[in-house]
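*Asks:* this one's structure only:
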């Protein structure tokens with residue numbers, strides 16, 4: 001009789017052990033949904049080249065990525081989109097490239113330096129910014145063309161500069177800038193330092209500057225909308241890390257960070 005009762009008990013114990021192990025494995029595998037951008041076992045440093053207008057948002061996203069992937073680090077480099085393309089084509093070690101327009105991403109694609117198809121993850125438009133006291137009394141886009149008004153814009157080869165040219169043509173405004181900068185950060189710097197009466201920057205840049213500037217909408221019927229693409233760099237040796245970062249940027253968490261900063265959704 002002793003044998004009769006011990007065998008079922010042992011079998012039940014074994015079944016319980018197997019069931020618990022199976023449940024444990026399920027939780028680690030499919031029972032728990034990983035955060036977008038997190039992949040078990042990812043490690044190393046990911047180098048991200050991004051347009052200057054993405055500095056605030058990508059700094060936040062890098063922090064989220066590192067929290068989700070404790071063994072990974074993100075090294076960020078910000079500048080004008082065209083400058084970053086030149087650096088990458090000249091051999092700079094980048095793993096991910098995020099541009100403020102599609103034209104510069106196309107240059108990288110033409111050089112066969114893009115892995116896969118770039119994903120559009122955000123949009124942006126321009127606005128005027130002036131010092132808080134608005135010394136030149138700027139009220140409309142046309143005011144930027146008044147004699148004596150010191151205006152700073154981005155250079156034409158930079159996405160914000162190309163957008164400014166298109167918006168000027170649409171409004172029939174001819175701006176004669178006192179300076180053309182290579183990124184929106186420099187334009188903002190000229191305005192906040194008092195070197196310029198006004199500047200043309202992205203709405204997100206104006207928001208980042210806070211009370212250091214006053215934003216004045218261009219009020220165009222059809223403003224130029226810059227679409228922001230992101231892609232892994234083909235020469236990168238860290239494609240798994242790059243893919244995870246792209247998933248974060250284009251996923252729900254990335255969209256929220258970008259939306260909160262004033263970017264439009266594609």
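*Replies:* Received, thanks. Every value quoted in this text rests on a predicted model; they were computed, and no experiment measured them.

*Asks:* any weak-confidence spans in the stretch 1-150 of the chain?
*Replies:* When residues are selected by pLDDT under 70, those of the stretch 1-150 of the chain lie in 1-40.

*Asks:* the helices in it, which residues?
*Replies:* Applying DSSP state H, counting those that start in this stretch to the stretch 1-150 of the chain gives helices spanning 2-26, 55-68, 81-89, 102-110.

*Asks:* what's the last one packed up against?
*Replies:* If I follow you right, that is helix 102-110. For helix 102-110, the helices and strands in contact under the criterion 3 or more C-beta pairs under 8 Å, 6 or more residues apart in numbering; DSSP states H and E are helix 81-89, strand 114-124, helix 159-171, strand 226-233. C-beta here means a position set from N, CA and C on the backbone, and glycine is covered the same way.

*Asks:* Likewise for the second one?
*Replies:* Helix 55-68 is packed against strand 44-51, strand 72-79, helix 203-209, helix 239-250, helix 252-260, with contacts defined by 3+ C-beta pairs under 8 Å, 6+ apart.

*Asks:* ok and the last one relative to helix 239-250, angle-wise?
*Replies:* Note on geometry: by axes from the mean of the first three to the mean of the last three C-alpha atoms, to 10 degrees, helix 252-260 and helix 239-250 are set 50 degrees apart in direction.

*Asks:* tell me the angle of helix 252-260 relative to helix 55-68?
*Replies:* Counting by the same axes, to 10 degrees, helix 252-260 lies at 160 degrees to helix 55-68.

*Asks:* One more: the fourth one?
*Replies:* Helix 239-250 and helix 55-68 are oriented at 120 degrees to each other (the same axes, to 10 degrees).

*Asks:* same thing with the second one?
*Replies:* The directions of strand 72-79 and helix 55-68 differ by 170 degrees, with the same axes, to 10 degrees as the criterion.

*Asks:* so how far is strand 72-79 from its chain's centroid?
*Replies:* Computed by C-alpha atoms, centre = their mean, to the nearest Å, the chain-centroid distance of strand 72-79 equals 11 Å.

*Asks:* buried ones in that strand?
*Replies:* Across strand 72-79, burial judged by 16 or more other C-beta atoms under 10 Å covers 72, 74, 76, 78, 79.

*Asks:* what's the closest of those residues to residue 144?
*Replies:* residue 79 (25.3 Å; C-beta to C-beta).

*Asks:* Return the distance of the closest one relative to residue 55.
*Replies:* Distance, residue 79 to residue 55, by C-beta to C-beta, to the nearest Å: 10 Å.

*Asks:* now residue 138
*Replies:* For residue 138, the distance to residue 55 (C-beta to C-beta) stands at 25 Å.

*Asks:* Could you export the buried residues of strand 72-79 as TSV, including distance to residue 174?
*Replies:* Shown next, in TSV, are the buried residues of strand 72-79 (distance: C-beta to C-beta, whole Å):
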residue	distance to residue 174
72	49
74	42
76	37
78	31
79	28
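
*Asks:* Would you point out the most distant pair within these?
*Replies:* 72 and 79 (23.0 Å).

*Asks:* Pull the number of nearby residues for residue 237.
*Replies:* Around residue 237 there are 10 other residues, counting by other C-beta atoms under 10 Å.

*Asks:* Likewise for residue 172?
*Replies:* Neighbour count for residue 172, taken as other C-beta under 10 Å: 9.

*Asks:* Check what pLDDT it gets.
*Replies:* Predicted confidence (pLDDT) for residue 172: 95.

*Asks:* Would you mind measuring from it to residue 184?
*Replies:* Distance of residue 172 to residue 184, given as C-beta to C-beta: 24 Å.

*Asks:* Could you do residue 236 as well?
*Replies:* In terms of C-beta to C-beta, residue 236 sits 26 Å off from residue 184.

*Asks:* Residue 256 now?
*Replies:* Going from residue 256 to residue 184 by C-beta to C-beta gives 22 Å.

*Asks:* Neighbour count for the two, which is higher?
*Replies:* Taking other C-beta under 10 Å, residue 256 and residue 184 do not tie; residue 184 has more neighbours (32 against 10).
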